[in-house]
Structure formats: structure tokens, C-alpha cells
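Colleague: give me a 3D structure for the following:
(one chain, ligands or ions: 2)
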Amino acid sequence: MSSIVIQNLRKEFGHFTAIDGLNLQVAKGDFCVFLGPSGCGKTTTLNCIAGLEEVTSGKIFIGDRDVTDLPPHERDIAMVFQSSLLYPHLSAKKNIMTSVIHSKDKADVVQQRFENAVRILEINHLLDKKPSEMSGGERQRIAMAKVIVRNPVCFLMDEPLAALDASLRQSLRTELTRLQKDLGVTTVFVTHDQVEAMTMGDKIMVMNKGKLEQYGTPLEIYENPKSKFVAGFVGSPKMNFFPGELERKGDEFVFNGSGYSISLESLKWERTGGDFTGIRSMGIRPENMRISSEEGPNTLAMKVYNVENLGKESVVILVRDERQYRIIVSAETKVQIDEILDISIDGKFAHFFHEA
Ligand SMILES: Nc1ncnc2c1ncn2[C@@H]1O[C@H](COP(=O)(O)OP(=O)(O)OP(=O)(O)O)[C@@H](O)[C@H]1O
Ligand SMILES: [Mg+2]
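Modeller: Numbers count the residues shown, from 1 in each chain. Ligands and ions are numbered 1, 2, ... in the order given. Prediction:
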């Protein structure tokens, strides 16, 4: 197991800058998730760590070794892609074993890792099949087994669960993080799925347009997003944003939106960042907004646009000034489309941003 350090990484494709001065330190044994929208540079960064892309400038260390100019096979890493390549003429078992042909480990140690992988990934019934005789999800599990058997110093995984159905994805999510904890192998896992990132990562690097937006534990990122981009990207349903300005009236804070003022009773001074000049947007998570039984200084009238029932709870989609907002209510709460509701906001959990 090794740490991974990225220093000032820059990657250009012609005139296009895909990675723009990235610095990152993945601690030994951590499960680190790269999270961000399509095209933000997750795969490119991973490929630079793996040695599949040459860096334009910057350095990459795996453990104490500067691997920036080493070819992939000298980096002691194992990669899993969204659709991994298997040898078509070999059985699943032989495919798995191709990864340990050059291994210096003892046969019984390799056999133990093989049996472990077969058990965890539930692939016993697939071992004699050829890739063409398996489904996409089954082939993906064989590809995972290949890297587990190899026991490298780092796992690099690029959306390995994306092609699987929802139930298999959920169970592999659990198995993969458990396995990673057992093996203690430093892992970088790429996804654009924030639920996957939140549930799997020890740390998450949120990326946007080739840059690091925030690096922290899932909880830090959820509770203390450093930018509006991070706030809007992490959390489901998404955080609600109210355009407007924050004002202090005596001991109280008031948020002034277009055509309304709402009092934020429990808001603490520290949450505003001290200086709140230049705040142009307030963010409130869906769970911090409630239907109020009466109109008041901390309520806002909103119209019900639609309701999505999730079983144990429902998401109510509200509109005000042509903007949509989402709140979570219990499944028993009955609301009608087009009904006007008084919504109270818990100021204690408000986030403020300089971006509109
Ligand atoms: N070989 C290449 N030549 C030119 N541009 C490239 C090349 N590879 C990637 N890019 C560009 O670099 C940017 C980052 O691509 P990358 O594949 O790293 O994104 P990603 O975050 O992995 O996205 P996705 O979630 O869609 O997989 C994209 O705008 C992409 O078009
Ligand atoms: Mg990608």
C-alpha cells in the first residue's frame, strides 16, 4: 500500500487544457473518489496516475517513487475500467489468472486471493465461461477479480459499476469498500454519481473543469461545501438556491430575495463567514425546509408544482418566481398540485455563496 501524490498536474490536449494545475494527496490505504460532471477531467487524471497519459507538466508520486516518467507496468497499479477488456478466447478463470502470470507471490497465496475474489464477487458459476457467454455485469465482475488477485499497491477504478444494474451496483458498492478496507490497498475510484461517492469514499475530490473544487470527507463536503458548485453537485435532492442578499437587523439576520424578506432566526454569525457583503445566494438543503401551519416572518409562500413519491417519503417540488425548490416530506403528508404552501426555512443550516 502506498500514498499517491499529485503535484501541479497539467494536461493539455492540443490547445485544450483538460487538467489545470491539480494538487492532491491521497493517504496510504484511503479510498478516494474523484467526483465531477462529465468532461471535468476525472479519467484524464486517473490515466496520468496510471501512466496511460503523458503529463504536460507536474509530478506524480506513488509511495516514495516519482513515477511521472515510468511506463504503466512499472507503477505497480491495477486498473478497472467501465467496460474492461478480457481475452475472448480464454475462460473467466484463465482471464483472472493472466494478471498473476508474472507474479512473484507464492502459489498458495495467489490461490487464497483467487478464492477470496470468487467468493466476494459470486462468480463461481462463471469460471468456465468465455467472455462472449457472459453479460456485461458478469464480465465486469471478472475484471474486478483480476485486479483483486493481483494485489497491487494501488487500485485505480474508472466507473467500474456504471454498466451494472441497480441492485448489483448496490451490493458491489458494499463489497468493494469492505474488500478495500480488508486489503488496505490505496484506491482511486472515479464516478459522476454523487451517491456512489458519498457512500464509498473515505475522501472525495470534487472536480470541475479540470480543477479541484474541494477535497474532504463525504461529511465535510456535504455539511461545509466550499463553493456553490460543490453544494449543488453533492446531495439528493439537490440543495435549493435562493438569489438575494443577507442583511443584519439588530440581532437578527434577514435574507432579502426578489419581492420578499425572510427572517433566519437560528442563523449563527459564524455561518455567514463574518463578512457577508457580496453574498448573492443562499443555499438550503431539502431536509431543512418544512411545510408550516401558519404564515410568519420565517415562511415563504410557494406553489406545489409536483410530488414524487419515494415510498417512505416524498419529494415535493415547489415553484416561486419561476424557480423550482425541493423539500422532503413524510409519505403521509398530503399536498395538492397548484396548492400554495407556507414553507419555513431553518436558518441554522443555511449556506451562503458569492456566486449568484
Ligand atoms: N485524447 C483526447 N484528446 C482531446 N481531448 C480529450 C482527450 N481525452 C479527453 N479529452 C477532453 O478532456 C476533458 C476531460 O476528459 P475526461 O475523459 O477526463 O473527462 P471525465 O471527467 O472522465 O468525463 P466522463 O464522466 O464523461 O467520463 C474532456 O473535455 C475531453 O473532451
Ligand atoms: Mg471518464
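Colleague: in its sheet, what does the strand or helix carrying Leu24 sit against?
Modeller: Using DSSP states H and E, Leu24 maps to strand 16-26. Strand 16-26 pairs in its sheet with strand 4-13 (antiparallel), by DSSP bridges.
Colleague: outside of the strand it pairs with, which residues touch it?
Modeller: Strand 4-13 is contacted by residues 17-26, 32, 41, 44-45, 48-49, 53, 55-62, 154, 186, 188, 210 when judged by Cβ atoms under 8 Å, 6 or more residues apart in numbering. C-beta here means a position set from N, CA and C on the backbone, and glycine is covered the same way.
Colleague: now, of these, which are buried?
Modeller: Buried by 16 or more other Cβ atoms under 10 Å: 17-19, 22, 24, 26, 32, 41, 44-45, 48-49, 53, 55, 58, 60-62, 154, 186, 188, 210, out of those.
Colleague: run through who's touching the strand holding Leu24.
Modeller: Strand 16-26 is contacted from outside by 3-12, 32, 41, 44-45, 48, 58, 186, 188, 203, 205, 209-212, 215, using Cβ under 8 Å, 6+ apart.
Colleague: mind pulling up the pLDDT for the closest residue to Lys348 other than its chain neighbours?
Modeller: Once flanking residues are discounted, Lys348 sits nearest to Ser266: 4.0 Å by Cβ to Cβ, 6 or more residues apart in numbering. Per-residue confidence at Ser266 stands at 81 (pLDDT).
Colleague: for this structure, which segments count as helices?
Modeller: Counting by DSSP state H, the chain has these helices, from start to end: 42-50, 92-97, 107-121, 136-150, 166-183, 194-200, 218-223, 228-233.
Colleague: reformat the ones you listed as TSV; add mean pLDDT and distance to ligand 1.
Modeller: Shown next, in TSV, are the helices of the chain (pLDDT from 0 to 100; distance: least, Cβ to the nearest ligand atom, whole Å):
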stretch	mean pLDDT	distance to ligand 1
helix 42-50	97	3
helix 92-97	95	25
helix 107-121	90	24
helix 136-150	87	16
helix 166-183	84	16
helix 194-200	93	12
helix 218-223	96	17
helix 228-233	96	13
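Colleague: so for Ile77, which of those sits nearest?
Modeller: For Ile77, the closest of these is helix 42-50, at 5.7 Å, according to Cβ to Cβ.
Colleague: and the angle for that closest one with strand 4-13?
Modeller: Interaxial angle of helix 42-50 relative to strand 4-13 (axes from the mean of the first three to the mean of the last three Cα atoms, to 10 degrees): 120 degrees.
Colleague: touching helix 42-50 from outside, list them.
Modeller: Contacts of helix 42-50 (Cβ under 8 Å, 6+ apart): 4, 6, 9, 11, 18-19, 22, 34-36, 53-55, 60, 62, 72, 75, 77, 79, 154, 156, 158, 188, 190-192, 207.
Colleague: so which of those sit within strands?
Modeller: Counting by DSSP state E, the contacts of helix 42-50 place 4, 6, 9, 11, 18-19, 22, 34-35, 60, 62, 77, 79, 154, 156, 158, 188, 190-191, 207 in strands.
Colleague: which residues sit in contact with Gly51?
Modeller: Taking Cβ under 8 Å, 6+ apart as the contact definition, Gly51 lies against 67, 70-72, 74-75.
Colleague: from the residues you listed, list the buried ones, please.
Modeller: Applying 16+ other Cβ under 10 Å to those, the neighbour count classes 67, 75 as buried.
Colleague: nearest to ligand 1, out of the contacts of Gly51: which one, please.
Modeller: Pro72 (16.4 Å; Cβ to the nearest ligand atom).
Colleague: please name the nearest non-neighbouring residue to the closest one.
Modeller: Sequence neighbours aside, Gly51 is the residue nearest to Pro72 in space, at 3.9 Å (criterion: Cβ to Cβ, 6+ apart).
Colleague: could you measure from the one you found over to ligand 1?
Modeller: Going from Gly51 to ligand 1 by Cβ to the nearest ligand atom, to the nearest Å gives 15 Å.
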